[in-house]
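A.B. asks: curious how this folds, go ahead:
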Amino acid sequence: MATGVVIAGAAIAGGGQIYGGLQARKEAKKQQAALDAQARLERQSAEFEAIQAGRKFDKLLGTQKANIWQRNHA
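C.D. replies: Prediction:
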């Protein structure tokens, strides 16, 4: 009878370890998905900022060209 109790205890402990491992894997996948989403948002934000900076530069360049043209044709 004692052997049966030991075997049952080992089976329960093993089952608990398997369950714990599955839960840890599930949480790791959730965390990875959250990190992937955060990285995607940061990349999109950086792309937007780069586009905005390019537009600002183009506007400044256009203003400077217009001012030079006006000075030369006034």
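A.B. asks: so which residues of the protein form helices?
C.D. replies: Here the chain has its helices, by DSSP state H, at 2-72.
A.B. asks: pLDDT on stretch 29-44, on average?
C.D. replies: Stretch 29-44 carries an average pLDDT of 98.
A.B. asks: please enumerate residues in contact with it?
C.D. replies: Outside of stretch 29-44, no residue comes within contact range by C-beta atoms under 8 Å, 6 or more residues apart in numbering. Backbone N, C-alpha and C define where each C-beta goes, glycine included.
A.B. asks: stretch 46-58 too?
C.D. replies: Nothing outside stretch 46-58 qualifies as a contact, by C-beta under 8 Å, 6+ apart.
A.B. asks: distance from it to the middle of the chain?
C.D. replies: Centre-to-centre, stretch 46-58 and its host chain are 22 Å apart (C-alpha atoms, centre = their mean, to the nearest Å).
A.B. asks: what residues sit buried inside it?
C.D. replies: By neighbour count on 16 or more other C-beta atoms under 10 Å, the buried set for stretch 46-58 is empty.
A.B. asks: kindly export that stretch (C-alpha atoms) in PDB.
C.D. replies: Listed next in PDB are the C-alpha coordinates belonging to stretch 46-58 (Å, rounded to 0.1, in the frame of the first residue of the first chain):
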ATOM      1  CA  ALA A  46       9.300  56.200 -35.900                       C
ATOM      2  CA  GLU A  47       8.200  55.900 -39.600                       C
ATOM      3  CA  PHE A  48       5.600  58.600 -39.000                       C
ATOM      4  CA  GLU A  49       8.200  60.900 -37.400                       C
ATOM      5  CA  ALA A  50      10.600  60.400 -40.300                       C
ATOM      6  CA  ILE A  51       7.900  61.300 -42.800                       C
ATOM      7  CA  GLN A  52       7.000  64.400 -40.800                       C
ATOM      8  CA  ALA A  53      10.600  65.400 -40.600                       C
ATOM      9  CA  GLY A  54      10.900  64.900 -44.400                       C
ATOM     10  CA  ARG A  55       7.900  67.100 -45.000                       C
ATOM     11  CA  LYS A  56       9.200  69.800 -42.700                       C
ATOM     12  CA  PHE A  57      12.500  69.800 -44.500                       C
ATOM     13  CA  ASP A  58      10.800  69.900 -47.900                       C
END
